[in-house]
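Visitor: Take this sequence and fold it.
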Amino acid sequence: MFFFKRLIITSCVLVFQIAFQIKALATFKPTINVLSTMHTLDPTLIAHFEEENKLNVRVDFVGSRNEFEAHMRAGLRTYDVVVADERILEKLSLERLLRSLPDEYVSPADNKSPLCKRSKINEDGRAYLALFTDPLGIAYRINQSNIVYPVNWDILIHTEENPYWRQRIAISPSYKSQFLLALLATQTEITPSSWFIPESATKWFKQLRLQNANTDLPIELAFLGDKVSAAVTFYSDFLRAKRVVPGLDFVVPTQSTYFDRISVGWASSSMQEVFSK
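Guide: Modelled structure (predicted):
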């Protein structure tokens, strides 16, 4: 009698375990691991991709551009996709941490388009795929600014047009960044064979320094604390600030600007080939 009771109990346990495993398999979803910086990916886009493909997307964030390689080499996670600035992906490609893209995913080259123009490391377009450009421009409070189009960089030093901007412009504290902005604004090119810095660039640099708000706060806090009325920043930083700062707008000077190209690479450690593509 005891034997039959034990047999019945064992059978019930096995049936329960099999039913549980079948249910688990039915609800199992594959997972794609993505490595990126914060404020780069739209959460609604990720949610839509998860729903459409019946999978999970796990995103790990790095604190700086120097941490991508360390995260990938640590081996704590097998990443499938890396979303980063083009220069980061160039380095990862040279370190063989990225796979080559299949031919069907290579976008056509177009030297006239800032997005589609290829670098020397990605001449065949198979190292990574450019997603969008992130231009340098000017974020400003609408109610404190008079913007007349077309806009050029001189708006930063001609503060009589925008009195609220006088000594209230957030600029990178780095002298190097400020000087590069002066070269950009004055359309000046410095080469290793240059004997001197043109006076126009030096004068513009000094005028820019006079309007610096001298704040080391993130731009959203600087705007919220009424420390600045304008800021020289990348568009991605403006989008982050706009979420919490009312009445903020952004303009890219028409003459020229710097920009980052945010791109996507296929990690060599990828385990989800179909969904990664």
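
Visitor: show me the biggest strand of the chain in terms of residues.
Guide: Among all segments of the chain classified by DSSP state E, the strand with the greatest residue count is strand 129-141.

Visitor: Parallel or antiparallel, which strands does it pair with?
Guide: Counting by DSSP bridges, the strands paired with strand 129-141 are strand 230-234 (antiparallel), strand 248-251 (antiparallel), strand 259-267 (antiparallel).

Visitor: In CSV, list the C-alpha atoms belonging to the second one.
Guide: Spelled out, it's strand 248-251. Presented in CSV, the C-alpha positions along strand 248-251 are these (Å, rounded to 0.1, in the frame of the first residue of the first chain):
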residue,chain,number,x,y,z
LEU,A,248,13.5,75.9,-24.4
ASP,A,249,14.4,75.9,-28.1
PHE,A,250,17.4,75.0,-30.2
VAL,A,251,19.0,76.4,-33.3
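
Visitor: so where's the stretch 1-150 of the chain uncertain?
Guide: Within the stretch 1-150 of the chain, the set of residues satisfying pLDDT under 70 comprises 1-28.

Visitor: so where do the helices sit in it?
Guide: Assigned helices in the stretch 1-150 of the chain, in chain order: 2-27, 43-53, 68-74, 86-94 (criterion: DSSP state H, counting those that start in this stretch).

Visitor: quick one: contacts for the spatially closest residue to Ala185 that is not a sequence neighbour?
Guide: If you skip the residues right next to it in sequence, Ala185 has Trp153 as its closest partner in space, 3.5 Å away by C-beta to C-beta, 6 or more residues apart in numbering. No exception for glycine: its C-beta is placed from N, CA and C like everyone else's. When the contact criterion is C-beta atoms under 8 Å, 6 or more residues apart in numbering, the partners of Trp153 are Leu181, Leu184, Ala185, Pro253, Gln255.

Visitor: same deal with Val244?
Guide: Val244 makes contact with Glu220, Leu224, according to C-beta under 8 Å, 6+ apart.

Visitor: just to confirm, which helix or strand has it in it?
Guide: Assigned by DSSP states H and E, Val244 falls within no helix or strand.

Visitor: Nearest the middle, which residue of the chain would you pick?
Guide: Most central residue of the chain, judged by C-alpha distance to the mean C-alpha position with C-alpha atoms, centre = their mean, is Thr40 at 4.4 Å.

Visitor: isn't it right next to Tyr235, touching?
Guide: No. Using C-beta atoms under 8 Å, Thr40 and Tyr235 do not qualify as a contacting pair, with a distance of 11.9 Å.

Visitor: re the thing from before, could I get the longest strand of the chain in CSV with only the CA atoms?
Guide: Presented in CSV, the C-alpha positions along strand 129-141 are these (Å, rounded to 0.1, in the frame of the first residue of the first chain):
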residue,chain,number,x,y,z
LEU,A,129,25.6,51.7,-39.6
ALA,A,130,25.0,55.5,-39.1
LEU,A,131,21.7,56.2,-37.4
PHE,A,132,21.5,60.0,-36.8
THR,A,133,23.6,63.1,-36.5
ASP,A,134,24.0,65.0,-33.3
PRO,A,135,24.9,68.6,-34.2
LEU,A,136,26.4,71.3,-32.0
GLY,A,137,24.1,74.4,-31.7
ILE,A,138,22.6,76.9,-29.3
ALA,A,139,19.9,76.1,-26.8
TYR,A,140,18.0,79.2,-25.6
ARG,A,141,15.0,80.4,-23.6
